[in-house]
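J.: 3D, please:
(chains A, B and C)
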Amino acid sequence: MKSEPDVYSIDHLKKAKTDYWDGIRNYQARNFIRDEMDKGDLAFFYHSNCEEPGIVGIMTVHKPAYPDFTAFDPDEKYFDPKSDPENPRWLMVDVRYVRKLKRPLSLKELKLYKPLETMRLLQRGNRLSVMPVTEKEWNYILELENEVPKK
DNA sequence: GCCAACGTTGGC
DNA sequence: GCCAACGTTGGC
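T.: Numbers count the residues shown, from 1 in each chain, chains lettered A, B, ... in the order given. Okay, the predicted model is just below:
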């Protein structure tokens, strides 16, 4: 799950412990959280659109998909008048902080590993803010944490 | 700040 | 339903 650290970083979540993940305004991303996420599932926290984009931490789904109430509030950045409270268009999940990675795994580094080249995150033109990670990819990434950064 | 790659909008 | 114009994302 991607977030711009200037807006909401892993440290924000660490402090909050549990928080709602709002602002998903893309149907494909919404469908992922609606159809693929259950309570207890693990997710990577990814810093996007920043100096060093990459995976920085781990969190868990604390509450499965429910209506993104920020879509109903005209004062909110992600207000969407087309999302009817009676039939909400956008959803959010609650996430809980688990831990930071022992070292951040930059996008640049992730691209160097063959077993990760099929990762959705690394596909060209990918702009989704939420996307699935396979078990293989997940485990591989967790091992990278303990290794000396590949240059 | 640039721009490629998308997604969305709206006229037809 | 097509598609041009426009807006957004996000790496660089």
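
J.: Leaving out chain neighbours, which residue sits closest to residue A:119?
T.: Nearest non-adjacent residue to residue A:119, counting by CB to CB, 6 or more residues apart in numbering: residue A:137, 5.4 Å away. In short, each C-beta sits where N, CA and C put it, glycine included.

J.: I should have written residue A:136 there, sorry.
T.: residue A:115 (7.1 Å).

J.: For chain A, which residues are neighbours of DNA strand C?
T.: Counting by CB under 7 Å from any atom of the strand, the residues of chain A close to DNA strand C are A:2, A:4, A:25, A:48, A:49, A:50, A:53, A:107, A:108, A:127, A:128, A:129.

J.: mind running it again at 10 Å?
T.: Chain A comes close to DNA strand C at residues A:1-4, A:7, A:23-26, A:29, A:46-54, A:77-78, A:106-108, A:110-111, A:121-122, A:124-131, as judged by CB under 10 Å from any atom of the strand.

J.: any chance you could map the helices in chain A?
T.: Assigned by DSSP state H, chain A shows helices spanning A:10-16, A:27-36, A:107-110, A:135-144.

J.: Nearest to residue A:100 among the ones you listed would be which one?
T.: Smallest distance to residue A:100 across the helices of chain A (CB to CB): 6.0 Å, for helix A:10-16.

J.: tell me which residues of stretch A:133-144 are tucked away?
T.: A:133, A:137, A:140, A:141, A:144 (16 or more other CB atoms under 10 Å).

J.: okay, the residues you listed in CSV with pLDDT next?
T.: Output for these, formatted as CSV (pLDDT from 0 to 100):
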residue, pLDDT
A:133, 96
A:137, 96
A:140, 96
A:141, 96
A:144, 94
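
J.: a markdown table for the residues you listed, including distance to residue A:73?
T.: Shown next, in a markdown table, are those (distance: CB to CB, whole Å):
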| residue | distance to residue A:73 |
| --- | --- |
| A:133 | 31 |
| A:137 | 36 |
| A:140 | 40 |
| A:141 | 36 |
| A:144 | 40 |
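
J.: now, which of these sits nearest residue A:19?
T.: Closest to residue A:19, out of all of the buried residues of stretch A:133-144 and judged by CB to CB, is residue A:133, at 20.4 Å.

J.: On the strand side of things, show who the closest residue to the closest one other than its chain neighbours bridges to.
T.: In space, residue A:133 comes closest to residue A:44 once its chain neighbours are excluded; the distance is 6.5 Å by CB to CB, 6+ apart. Residue A:44 has these beta-bridge partners by DSSP bridges: residue A:58.

J.: Done for today, thanks.
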